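A.B. asks: sequence and computational prediction follow.
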Amino acid sequence: MSLNPTTYWNVSSGEKFAGLDPSDFTARPGSDLAYHTDIFIIAVLALAVLCRFPRAFARLTRASEWKNGYFFHHIRPSAPKPSIAVRRGPSQRSQRSAKTMVSDESDTVYDPTYLAYRERKGEPAPRNYPPHVAVCWPLLRSTVVFLRARVAPGFSIGQTLCLAVYFGVLAYCAFYKSSPFQDPVRAGFVAMSQLPIVFALATKNNLLGVLLGLGYEKLNFLHRFAGKMLVLAVNVHSVGYFYKWSAEGTFTQSIKLPMVVWGFVGLVCVDILYVFSTPFWRQRAYNVFLSSHFIGFGLLLPACWFHKPVMVPYVLATLAIYALDRLLRILKTRIKTATIRPIPELGLTRVEIPHLNAGWRAGQHVQLRVLSAGMGWTGWMEAHPFTIASCGTNIGVGGAQEGLVLMCKKAGDWTNDLFELAKVGGYSERGVQRDVKVMVEGPYGGPGHAIWASYSAAVFIVGGSGITFALSAIQELIQKDLDGASRVKAIELVWMVQDPASLTPLLPMFNMMIQQSDRAPLRICVYYTRAPNMTFHKDLMHPSMSLSPGRPRMSRILEDVITRTVGLGAGDKDRLGHTGMLVACCGPVGLSDDMVKAVGNVEKVRRNQVGGIEVHEEVFGW
Ligand SMILES: Cc1cc2nc3c(=O)[nH]c(=O)nc-3n(C[C@H](O)[C@H](O)[C@H](O)COP(=O)(O)OP(=O)(O)OC[C@H]3O[C@@H](n4cnc5c(N)ncnc54)[C@H](O)[C@@H]3O)c2cc1C
């Protein structure tokens, strides 16, 4: 039978073409099922949003929360705000010594004079403690501990259950009164239903993330799963038709049809996307992974459009989601001059952007492009994520603002090029440095609906360059405390490094942070795993700081912080009782897993004493 493309779309005659039913070109029950699947998934997500609404509401009742976390801007440094009058104890002596050391320290990463700036006292500021809404009811705390437990590195029982439900919904849609061999179009409808969802979960500015209070990187596991389901469905759909056409002896005729050719293009696209998305490519050649995504999705959408008219609304929805994300990304992008400095002890480059000093929350990250020929032919175009290591209003040498600070550890070609670029800068009073134009996009991620200053205690467990995350968070907590806007009574920083020499450039900063944290005492424990090359002068360290070999015993640390917090008794910060302990972790996946295990091991009675333990995880990769 020869096929006439002009009569091909005329399905009203009911004529059967080369193994294809006329109904294959029109909407049919399968497409309704796909549509209802999407509605069901959206309804489940809406329920999740509703559960998180009290937290979102509590946060957004504070005007300051609207200003931070969405767009960068610059604010004029105002006169120092009056801080809550703080009582200085015996630590004053070590404060002086810390300051002396700063002036001697030529290669310090931070100039802590901004802290002195904050020390000027005026009238006590009015206290304005943030509201605290726990992540769950006290009765459900044990359930949350169970859901957080790991089934695989970096993967929790909660995430597994979530994916199991997702899989169940898609399986129902695919197999309800249908078999992939007799009804291969059904799998195509499943793939179609996933198209906008996969895109929505991939965008940096997705509505779901905003409503749930989760950064796009936290929803990445859903994006990957939905993507895999799409790939599977497209392959089942194609194999089903190949089988059907072969059985009917119409394979060669069918494969020439334009809509089938477009379908074939779509199949090749999704398979390429899948192959180049595997950890092998993501970790070894990130740019190949990224380019394959752009090309693959760029071709997939026209392929879907021309494959079947019923797909057009889904393609349009996908394009709308993508266009909105692109628009927001443009609005969130700033081009500024940055000062870059190499910090050899930490093997990283410090990037300082003084003209961006507001608009983010601690723990958020940016996408950074360095617009310099020194980054190589393609390097200047590449965007890399880095966590913000400052809290905006920091004042540097001579009262100048540090603004947004990033610490970029040498990890591969791009970060090595950045370090080399910084090294060939000129000498200044702060060491080697140079100015470059940068493009900063963000801020993204971060604490979401949680207000870290609303907990009774905060523990930060970080490894290596994860210190950037802890620095911004602790500085923000200290600042809020000085403004009378923090409930935190005890802060603990646990930093794991390979070489104790990594501590040297941060020592002045650590000393000053401890000095400032009078009302929320900060304790810093540094652990190192490699034998030191040189003797470290522990006498430069504040008494609240320790340096020890080996790995930390996390359960013990958590117990200590609970004891410290509960031991302080109820003050004006927590008149209504303790508001919980935040345990935030940033580093390799293994570190997060250990932290979650340690939190799970805390006795129920101890957990309840402090008002519950909540966890925040950051991993430098996806
Ligand atoms: C949310 C987030 C926050 C981060 N914050 C910091 C930080 O504050 N300080 C810091 O030193 N590092 C941070 N990183 C890691 C940093 O982004 C990578 O080390 C850097 O991009 C490596 O680039 P490269 O070309 O030098 O190395 P490569 O050898 O190309 O890559 C090394 C590793 O980084 C990953 N990677 C490479 N390029 C990207 C990219 N564009 N996006 C995401 N991952 C990529 C690769 O998958 C690989 O696993 C963060 C990563 C993420 C995801």
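C.D. replies: Arrived safely.

A.B. asks: quick one: W380 is in a helix?
C.D. replies: Yes - secondary structure assignment places W380 in a helix (DSSP: H, G, I helix; E, B strand; the rest coil).

A.B. asks: so it touches S372, yeah?
C.D. replies: Yes - W380 is within contact range of S372, at 6.0 Å (criterion: C-beta atoms under 8 Å). Glycine gets a C-beta too; all of them are placed from N, C-alpha and C.

A.B. asks: would you mind listing what in this structure touches the ligand?
C.D. replies: Taking C-beta under 6 Å from any ligand atom as the test, the list of the chain residues beside the ligand reads 217, 282-283, 286, 348, 365, 383-387, 407-409, 411-415, 445, 465, 468, 620-622.

A.B. asks: any chance of a PyMOL selection covering the buried ones in those residues?
C.D. replies: The following PyMOL line selects those of the residues of the chain next to the ligand that are buried, judged by 16 or more other C-beta atoms under 10 Å:
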select buried, resi 217+286+348+365+383+384+385+386+387+407+408+409+414+415+445+465+468+620
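
A.B. asks: mind listing which of the residues of the chain next to the ligand are in strands?
C.D. replies: Among these, the residues falling in strands (DSSP state E) are L348, H365, H384, P385, F386, T387, M407, C408, K409, G445.

A.B. asks: reformat those residues as JSON lines; add pLDDT.
C.D. replies: Below are those laid out as JSON lines (pLDDT from 0 to 100):
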{"residue": "L348", "pLDDT": "92"}
{"residue": "H365", "pLDDT": "95"}
{"residue": "H384", "pLDDT": "96"}
{"residue": "P385", "pLDDT": "95"}
{"residue": "F386", "pLDDT": "96"}
{"residue": "T387", "pLDDT": "95"}
{"residue": "M407", "pLDDT": "94"}
{"residue": "C408", "pLDDT": "95"}
{"residue": "K409", "pLDDT": "94"}
{"residue": "G445", "pLDDT": "92"}
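
A.B. asks: of these, closest to H73?
C.D. replies: H365 (17.4 Å; C-beta to C-beta).

A.B. asks: which residues are in contact with the closest residue to the closest one other than its chain neighbours?
C.D. replies: Ranked by C-beta to C-beta, 6 or more residues apart in numbering and with sequence neighbours excluded, the top spatial neighbour of H365 is T387, at 4.5 Å. For T387, the contact set (C-beta atoms under 8 Å, 6 or more residues apart in numbering) comprises G363, Q364, H365, L406, T468, F469, S472, C586, E618, F620.

A.B. asks: go on, I41?
C.D. replies: Remark: with contacts taken as C-beta under 8 Å, 6+ apart, I41 is in contact with Y166, V169, I197.

A.B. asks: between these, which sits nearest the ligand?
C.D. replies: Nearest to the ligand among the contacts of I41: I197, at 22.1 Å, using C-beta to the nearest ligand atom.

A.B. asks: surely that closest one meets F40?
C.D. replies: No - judged on C-beta under 8 Å, I197 makes no contact with F40 at a distance of 11.7 Å.

A.B. asks: more neighbours, these two?
C.D. replies: Under the neighbour definition other C-beta atoms under 10 Å, I197 and F40 were set side by side, and I197 has more, 26 against 14.

A.B. asks: hang on, the more buried one in a helix?
C.D. replies: Yes - per three-state DSSP, I197 lies within a helix segment.

A.B. asks: look up how far D572 lies from it.
C.D. replies: Distance, I197 to D572, using C-beta to C-beta, to the nearest Å: 47 Å.

A.B. asks: and if you look at V315?
C.D. replies: The separation that V315 has from D572, given C-beta to C-beta, amounts to 57 Å.

A.B. asks: and those two? which has more neighbours close in?
C.D. replies: When V315 and D572 are compared for neighbours, V315 comes out ahead with 20 against 9, by other C-beta under 10 Å.

A.B. asks: can I assume that one is in contact with A303?
C.D. replies: No - with the criterion set as C-beta under 8 Å, V315 and A303 do not qualify as a contacting pair; they are 9.5 Å apart.

A.B. asks: check the protein for its longest helix and report it.
C.D. replies: For the chain, the helix with the greatest residue count under DSSP state H is helix 29-60.

A.B. asks: do you know the pLDDT at whichever residue of the chain sits closest to the ligand?
C.D. replies: Across the chain, no residue is closer to the ligand than G412, which sits at 2.0 Å (C-beta to the nearest ligand atom). Reading off the confidence values, G412 has pLDDT 91.

A.B. asks: can you pull the phi/psi pair for it?
C.D. replies: Phi and psi for G412, reported as degrees, to the nearest 10, are phi -170, psi -160.

A.B. asks: same check, this time on A358
C.D. replies: The phi/psi pair for A358 (degrees, to the nearest 10) reads phi -160, psi 160.

A.B. asks: enumerate every residue touching W281.
C.D. replies: Neighbouring residues of W281 by C-beta under 8 Å, 6+ apart: V275, V288, F289, S292.

A.B. asks: now with 7 Å, please.
C.D. replies: By C-beta atoms under 7 Å, 6 or more residues apart in numbering, the contact list for W281 reads V288, F289.

A.B. asks: mind showing which ranges of the stretch 301-450 of the chain have poor pLDDT?
C.D. replies: For the stretch 301-450 of the chain, the stretches with pLDDT under 70 are 392-401.

A.B. asks: burial of the residue nearest to P131 when sequence neighbours are not counted, as a residue count?
C.D. replies: Counting by C-beta to C-beta, 6+ apart, the nearest residue to P131 once its immediate chain neighbours are dropped is A58, at 4.3 Å. Counted by other C-beta under 10 Å, the residues lying close to A58 total 18.

A.B. asks: does A58 touch V135 like I think?
C.D. replies: No - counting by C-beta atoms under 7 Å, V135 is not a contact partner of A58; they are 11.8 Å apart.

A.B. asks: phi first, then psi, for F221.
C.D. replies: In this entry, F221 is assigned phi and psi values of phi -60, psi -30 (degrees, to the nearest 10).

A.B. asks: burial of it, as a residue count?
C.D. replies: Burial measure for F221: 18 neighbouring residues, criterion other C-beta under 10 Å.

A.B. asks: pLDDT score for it?
C.D. replies: In this model, F221 is scored at 94, pLDDT.

A.B. asks: from now on call the first residue 200
C.D. replies: Okay, using 200 as the starting number, the last item reads as F420.

A.B. asks: my guess is it contacts Q358, does it?
C.D. replies: Yes - the pair formed by F420 and Q358 meets the contact definition of C-beta under 7 Å, at 5.6 Å.

A.B. asks: what residues are up against S476?
C.D. replies: Taking C-beta under 7 Å, 6+ apart, we find S476 in contact with F488.

A.B. asks: that one falls within a helix, correct?
C.D. replies: No - using three-state DSSP, the assignment for S476 is coil, not a helix.

A.B. asks: what ranges does the stretch 350-499 of the chain have for its strands?
C.D. replies: Across the stretch 350-499 of the chain, reading from the start of the chain, the strands by DSSP state E, counting those that start in this stretch fall at 354-355.
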